[in-house]
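# coords below, sequence missing:
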């Protein structure tokens, strides 16, 4: 599991909505990445929303592909509202501008896709959907405090 902060637009919070993102991703032997689980935590009220499993995975060697295990369930935990229709958003976060952690900042390049839908891509390694600020792993260290 890895933890990130997502900043974007939400209802009723407006342009400065913040969510904690917990992501469980597995590196595949062929260089692909499969995001197995994403949980969004609303920083304002503490509600947790489990994002539906993605049916696509990203191959770091070029392009995406369909994964054989596409289970599209749509449910929420800790007081969220569940729904079996994968086209219905789970939470009030309607757009993500950036996602960051202690080592990288990612800009969201995806169009208007609600972050809690199964069609939203949480594979930060996919350069068609996410643009990293720091191109090399060591470059961000110059910003660390002494």
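Received it, and whenever you're ready, just let me know what you need. Owing to the predicted nature of the structure, the values given are computational and were not obtained by experimental measurement.
# Beyond the strand ranked longest in the chain, next helix or strand please.
What stands out as the longest strand in the chain, according to DSSP state E, is strand 14-27. Scanning forward in sequence from strand 14-27 by DSSP states H and E, the next helix or strand is strand 32-42.
# Strand partners (parallel or antiparallel) of that following strand?
According to DSSP bridges, strand 32-42 forms sheet pairs with strand 14-27 (antiparallel), strand 48-51 (antiparallel), strand 56-59 (antiparallel).
# most packed of the ones you listed?
strand 48-51 (a mean of 22; mean count of other CB atoms under 10 Å). Every C-beta, even on glycine, is put in place using the N, C-alpha and C of the backbone.
# now it: mean pLDDT?
Averaged across strand 48-51, the pLDDT comes to 89.
# And for stretch 18-27?
90.
# likewise stretch 4-13?
89.
# which outside residues touch it?
15-21, 23, 40, 44, 92-101, 108, 115 (CB atoms under 8 Å, 6 or more residues apart in numbering).
# May I see the buried residues of that stretch?
Within stretch 4-13, the residues scored as buried using 16 or more other CB atoms under 10 Å are 4, 6, 7, 8, 10, 13.
# Show me the shaky parts of this structure.
Applying pLDDT under 70 to the chain flags the ranges 54-89, 136-146.
# how about 80 then?
13-14, 30-33, 52-90, 136-146 (pLDDT under 80).
# and residue 21, what does it touch?
Counting by CB under 8 Å, 6+ apart, residue 21 makes contact with 3, 4, 5, 6, 38, 39, 40, 41, 99, 122.
# hang on, the first one packs against residue 20?
Yes: counting by CB atoms under 8 Å, residue 3 touches residue 20, with 6.6 Å between them.
# Nearest to residue 51 among the buried residues of stretch 4-13?
Residue 51 lies nearest to residue 6 out of the buried residues of stretch 4-13, by CB to CB, at 11.4 Å.
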